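Colleague: this is the structure alone, sequence omitted:
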């Protein structure tokens, strides 16, 4: 059959390298990122109604950080770590997309205190 | 009034109602590159076969000034007709009438024709072109959708249900197509989504065009919601008609038989597949070398192309094909390809269509994204669908049949009726390289030249296990066959399976890993 030369890619499964093509969805897939406890990201797109802490504040697990209004519901976002707020990227009234960077923290050194994150 | 006068009066009333939203609205529809609802029905059905019902139905909404609005046919055309002489029920939403919005009377017309198609055991074709719920009718329009969805599930597996998306189909409305067997979309015309771009922008602050969010290509390629993708409405109608030649009219019948035809002589099955299992090829050519007239009708060709599904005929009888596609992702099984195959297998089983499985895959796709997306649950759908199916089930293993994938791809263990293997087949727990690396880890590590030893051990493993004979010696494979005899053998296998009787324990239903 008369065909243009196809540029094949490689896919390795069980130590075997197969010559094949990727499809669009496979090429567009996102790389997995490990969850980072040092940053707070929005879990839904919405509005920041209130910011409950300021930079430099010491926070504990359960400390309220901000109020996010999303899907017609107001949720208080609470800390899952013990540490200090180093940077706040939003203010009252900010409109944030999903997975937006909201705050950054320094974590307490004590590894005991950081285990059992829920 | 005389009979003639009364008949004239009828004709006058009909003409008004049949004009739908009027000339101006129809011209707007045309300007969008769309046919009107009535033109679509005429284009799809056999000439002069359409009989309309409920033309004079009117809504009885009284809020928001609706009592002063007369909506022709309440925005939907329903009726019966024929395609290639076979009866079908059809409805088409009329965008020129109040944006094809769905009110209670509109929904009742649709459910009436659905009830009819189920009772008369004939296919239902729904042409969707609607702005969504008629908000003025409030919860009544939601009730209307619910009644349609319920009937979609009643009819599922009894009659073929076909959804054609020829305009917007948004919000709750999308669930009727999602419940039906085959969804057709057309480039630039079809738009499907739960929440539209405006809502996404105001609520989420994310900007996206309608086409990128839920256009034809998105659903054909990324979401997998659509099974057939066409460049024009007329091409779409040709696809629908062709599909209908392959499927039976209801679950109590078999698909129509056609005169048998040999495949094209220029496609040589033994020339398509490289014996080096790492080299790709297009498995559709293998299917074309098997089916009558080399006519393979592929379904969902753009979604999860690493598995190929579709209909062809062998000796004039419809067969459903499920085939790994080494051309894409080496033919691996992953979440999407498992879903795609599982639904098709279930369809074939519901409608008495024998399944031929063409196997050549290295296993399941490794990766964090796949594991986290639930490859375990998705892969299980395929195992479930094959195990549950009692239609004739035949497998041909061309090359690789490794690991869990070997079991999932209609193995003897899931009650395949016949499993054939080419001499190039390798039925093993995993690929030879991986297996040798594990089994001979110590020998390889201890060797003076580990690389040499690895090569040696891989060869040893290959010679012993990378062939069909180990599986054949256990009876897991019924016959090792010469590649060029594949069609002949499948023809025989289907012929001798004609009176297959098989059952499963009685139950209300299983609990498949949805």
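Modeller: Nice, I can see it. The structure presented is a predicted model; accordingly, all values stated were derived computationally and were not measured.

Colleague: neighbours of the residue of the stretch 51-200 of chain B found nearest chain A, how many?
Modeller: The stretch 51-200 of chain B approaches chain A most closely through residue B:200 (8.6 Å), counting by C-beta to the nearest C-beta. Where you see a C-beta, it was placed from the backbone N, CA and C, and this is true even at glycine. A count of nearby residues for residue B:200, using other C-beta atoms under 10 Å in any protein chain shown, gives 16.

Colleague: do you know the pLDDT at it?
Modeller: pLDDT for residue B:200: 80.

Colleague: any idea how far the closest residue to residue B:67 other than its chain neighbours is from residue B:334?
Modeller: The shortest distance from residue B:67 to any non-neighbouring residue, by C-beta to C-beta, 6 or more residues apart in numbering or on different chains, is to residue B:61 (7.2 Å). Separation of residue B:61 from residue B:334 (C-beta to C-beta, to the nearest Å) stands at 48 Å.

Colleague: cool, residue A:90 as well?
Modeller: From residue A:90 across to residue B:334, the span is 37 Å (C-beta to C-beta).

Colleague: same thing with residue A:33?
Modeller: According to C-beta to C-beta, residue A:33 and residue B:334 sit 20 Å apart.

Colleague: so those two - more neighbours on which side?
Modeller: When residue A:33 is set against residue B:334 and neighbours are counted by other C-beta under 10 Å, the residue ahead is residue B:334, at 24 against 7.

Colleague: hmm, that one is touching residue B:365, no?
Modeller: Yes. If you go by C-beta atoms under 8 Å, residue B:334 and residue B:365 touch, sitting 4.1 Å apart.

Colleague: between the two, which contacts overlap?
Modeller: In terms of C-beta atoms under 8 Å, 6 or more residues apart in numbering or on different chains, residue B:334 and residue B:365 are both contacted by the residues residue B:375.

Colleague: burial check on residue B:64, number of neighbours?
Modeller: The tally of other residues near residue B:64 (other C-beta under 10 Å) stands at 12.

Colleague: could you pull out the helices for chain A?
Modeller: Along chain A, counting by DSSP state H, helices occupy A:24-27, A:111-114.

Colleague: please name the nearest non-neighbouring residue to the residue of chain A found nearest chain B.
Modeller: In chain A, the residue that lies nearest chain B is residue A:14 (3.2 Å; C-beta to the nearest C-beta). Nearest non-adjacent residue to residue A:14, counting by C-beta to C-beta, 6+ apart: residue B:434, 3.2 Å away.

Colleague: okay, the one you found: pLDDT?
Modeller: 86.

Colleague: and it, its phi and psi?
Modeller: With angles defined as degrees, to the nearest 10, residue B:434 sits at phi -60, psi -40.

Colleague: show me the contacts for it.
Modeller: A:14, A:15, A:16.

Colleague: residue B:424 reaches residue B:272, doesn't it?
Modeller: No. In this structure, residue B:424 is not within contact of residue B:272 by C-beta under 8 Å, at 11.8 Å.

Colleague: low-confidence ranges in the chain?
Modeller: Going with chain A. Chain A contains residues with pLDDT under 70 at A:1-4, A:110-118.

Colleague: hmm, I had chain B in mind actually
Modeller: Scanning chain B with the threshold set as pLDDT under 70 gives B:204.

Colleague: who in it is up against chain A?
Modeller: B:203-206, B:221-222, B:277-280, B:304-306, B:326-332, B:336, B:362-363, B:365-366, B:368-369, B:372, B:402, B:430-435, B:437 (C-beta under 8 Å from any C-beta of the partner chain).

Colleague: swap in 7 Å and give it another go.
Modeller: Residues of chain B lying close to chain A by C-beta under 7 Å from any C-beta of the partner chain are B:203-206, B:221-222, B:278-280, B:305, B:326-330, B:332, B:362-363, B:366, B:368-369, B:430-431, B:433-434, B:437.

Colleague: narrow these to those that are buried.
Modeller: B:203-205, B:221-222, B:278, B:280, B:305, B:326-330, B:332, B:362-363, B:430-431, B:433-434, B:437 (16 or more other C-beta atoms under 10 Å in any protein chain shown).

Colleague: in helices only, show me those.
Modeller: B:433, B:434, B:437.

Colleague: circling back: of residue B:424 and residue B:272, which one has the most company?
Modeller: When neighbours are counted by other C-beta under 10 Å, residue B:424 comes out ahead of the other of residue B:424 and residue B:272, with 20 against 17.

Colleague: could I get the contacting residues of the more buried one?
Modeller: Neighbouring residues of residue B:424 by C-beta atoms under 7 Å, 6 or more residues apart in numbering or on different chains: B:275, B:398, B:399.

Colleague: quick check, nearest of these to residue B:34?
Modeller: Residue B:34 lies nearest to residue B:398 out of these, by C-beta to C-beta, at 44.1 Å.

Colleague: tally of neighbours for the residue lying closest to that closest one once chain neighbours are set aside?
Modeller: Excluding the flanking residues, the one nearest residue B:398 by C-beta to C-beta, 6+ apart is residue B:360, at 4.4 Å. Residue B:360 has 26 neighbours, counted by other C-beta under 10 Å.

Colleague: returning to what we had before: could you provide the contacts of residue B:434 in JSON lines, with additional columns for distance to residue A:104 and neighbour count?
Modeller: Listed next are these as JSON lines, based on distance: C-beta to C-beta, whole Å; neighbours: other C-beta atoms under 10 Å in any protein chain shown:
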{"residue": "A:14", "distance to residue A:104": "41", "neighbour count": "18"}
{"residue": "A:15", "distance to residue A:104": "41", "neighbour count": "16"}
{"residue": "A:16", "distance to residue A:104": "43", "neighbour count": "20"}
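
Colleague: which of the residues you listed lies closest to residue A:5?
Modeller: For those, the minimum distance to residue A:5 (C-beta to C-beta) is 23.6 Å, reached by residue A:16.

Colleague: related to what we said a few turns ago, spell out which residues are contacts of both of residue B:424 and residue B:272.
Modeller: Counting by C-beta under 7 Å, 6+ apart, residue B:424 and residue B:272 have no shared contacts at all.

Colleague: now do the same end-to-end measure for stretch A:43-61.
Modeller: 18 Å (C-alpha to C-alpha, to the nearest Å).

Colleague: list the buried residues in it.
Modeller: A:44, A:45, A:46, A:47, A:48, A:51, A:53, A:59.

Colleague: quick check: the farthest pair among the residues you listed?
Modeller: Farthest pair in these (C-beta to C-beta) is A:45 and A:59. Separation: 24.1 Å.

Colleague: tell me what residue A:17 is bridged to.
Modeller: The partner list for residue A:17 in beta bridges (DSSP bridges) reads residue A:12.
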